[in-house]
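Student: after the sequence you'll find the predicted model.
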Amino acid sequence: MMRKPLLSLSLTSWLSLAGFALAQVPVIDTATLTQATQTAQNTAQIMNSNQQILNTVNQTLAAVTGNRATGSLSSIGLGGFSLSSAPNLSSLLGGGSLSMGSLGSYGSLASSIINGLNLVKTLTGASSASSTTDLAYTGAVNTSAAITAAVSGAQAASVTRSSGFSGAAGQIGAAPDIKGSIDQNSQIQTQTGETINELIGTVNLTNAALNAQQQQDLAAQSKLSNMWTFNASQATLVGH
């Protein structure tokens with residue numbers, strides 16, 4: 001009669017142990033695992049996209065900053081000669097002395113041409129120019145020499161300049177990045193300004209030639225006016 005309590009106790013103990021064992025079995029939640037996997041993949045894609053964006057930003061920064069070499073374009077506007085080397089034409093028109101040193105080989109060429117003409121030093125025969133006529137003549141000769149040298153230099157420079165700009169046109173589109181294109185464009189604009197300045201200098205040379213001609217005309221008119229002016233103190237009567 002005492003066996004029933006023992007059997008009940010044993011059954012209770014077994015059920016307790018069975019419940020404890022089942023509580024330690026690992027359980028895989030498929031939905032949670034799938035979501036976690038998807039989140040990890042999305043995070044990896046975001047990190048990869050951010051890295052690509054960073055690379056693009058760095059490349060853009062490098063393309064718009066720093067120095068670019070434009071040495072081949074830095075002198076095409078002058079072509080190896082500048083009219084700023086020409087002597088002061090205002091001084092020459094006033095009978096000032098002429099220096100061809102700044103014009104280099106073109107100055108030597110002009111001097112050879114002028115000397116080859118064997119022009120007289122003065123119209124009045126004086127050893128140096130002092131009268132209005134002689135000063136105007138000397139100014140015209142010196143101005144002609146300066147213009148001859150400048151024209152020779154400008155002609156040579158125009159050929160070089162044309163070749164330089166043609167070469168620059170061939171470089172359009174060849175710059176490796178935005179900064180290179182901007183710097184090339186800026187350099188060409190600068191050289192265009194230099195070319196325009198040379199054109200202005202050419203116009204000034206033309207004006208100087210016209211001024212020399214006008215001074216010659218004025219000197220001739222002044223000489224003629226003096227010739228026809230009566231001065232009683234200088235009048236000499238001959239005969240009776």
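Tutor: Received, thanks.
Student: contacts, neighbours, all on C-alpha from now
Tutor: Noted.
Student: where are the low-confidence patches of the protein?
Tutor: Applying pLDDT under 70 to the chain flags the ranges 1-27, 90-91, 93-97, 100-101, 117-118, 227, 230-231, 234-240.
Student: select the longest helix from it.
Tutor: When the chain is parsed with DSSP state H, its longest helix is helix 178-227.
Student: and Ser162, how many residues sit next to it?
Tutor: 14 (other C-alpha atoms under 10 Å).
Student: could you measure from it over to Ala146?
Tutor: Distance, Ser162 to Ala146, by C-alpha to C-alpha, to the nearest Å: 24 Å.
Student: next one: Ala62
Tutor: Distance from Ala62 to Ala146, by C-alpha to C-alpha: 50 Å.
Student: these two: which is more packed in?
Tutor: Each of Ala62 and Ala146 has its neighbours counted (other C-alpha under 10 Å); Ala146 has more, 28 against 13.
Student: tell me the SS of that one?
Tutor: helix (DSSP: H, G, I helix; E, B strand; the rest coil).
Student: can I assume it is in contact with Ser108?
Tutor: No. The pair Ala146 / Ser108 is not scored as a contact, 10.6 Å apart, by C-alpha atoms under 8 Å.
Student: what packs against the longest helix of the chain?
Tutor: helix 30-64, helix 89-93, helix 132-170 (3 or more C-alpha pairs under 8 Å, 6 or more residues apart in numbering; DSSP states H and E).
Student: who's in contact with the closest residue to Thr202 other than its chain neighbours?
Tutor: Sequence neighbours aside, Leu83 is the residue nearest to Thr202 in space, at 7.5 Å (criterion: C-alpha to C-alpha, 6 or more residues apart in numbering). When contacts are counted by C-alpha atoms under 8 Å, 6 or more residues apart in numbering, Leu83 touches Ala150, Gly153, Ala154, Glu198, Gly201, Thr202.
Student: now do the residue nearest to Ala219 when sequence neighbours are not counted against Gln214, distance only.
Tutor: Leaving aside its sequence neighbours, Ala219 sits nearest to Thr133 (C-alpha to C-alpha, 6+ apart; 5.2 Å). Distance of Thr133 to Gln214, computed by C-alpha to C-alpha: 12 Å.
Student: same drill for the two, tell me which one is more crowded.
Tutor: Legend: neighbour count by other C-alpha under 10 Å for Thr133 and Gln214, higher for Thr133 (22 against 14).
Student: mind listing what that one touches?
Tutor: Leu123, Thr124, Gln216, Ala219, Ala220, Lys223.
Student: by neighbours, which of those wins?
Tutor: Of the contacts of Thr133, with other C-alpha under 10 Å as the count, Gln216 tops at 21 neighbours.
Student: I'd guessed that residue sits against Ala136; true?
Tutor: Yes. Applying C-alpha under 8 Å, one finds Gln216 in contact with Ala136, separated by 5.7 Å.
Student: next, count neighbours for Gly77.
Tutor: 28.
Student: what's the closest non-adjacent residue to it?
Tutor: Gln191 is the one closest to Gly77 (C-alpha to C-alpha, 6+ apart), at 4.4 Å.
Student: any idea how far the one you found is from Gly71?
Tutor: In terms of C-alpha to C-alpha, Gln191 sits 12 Å off from Gly71.
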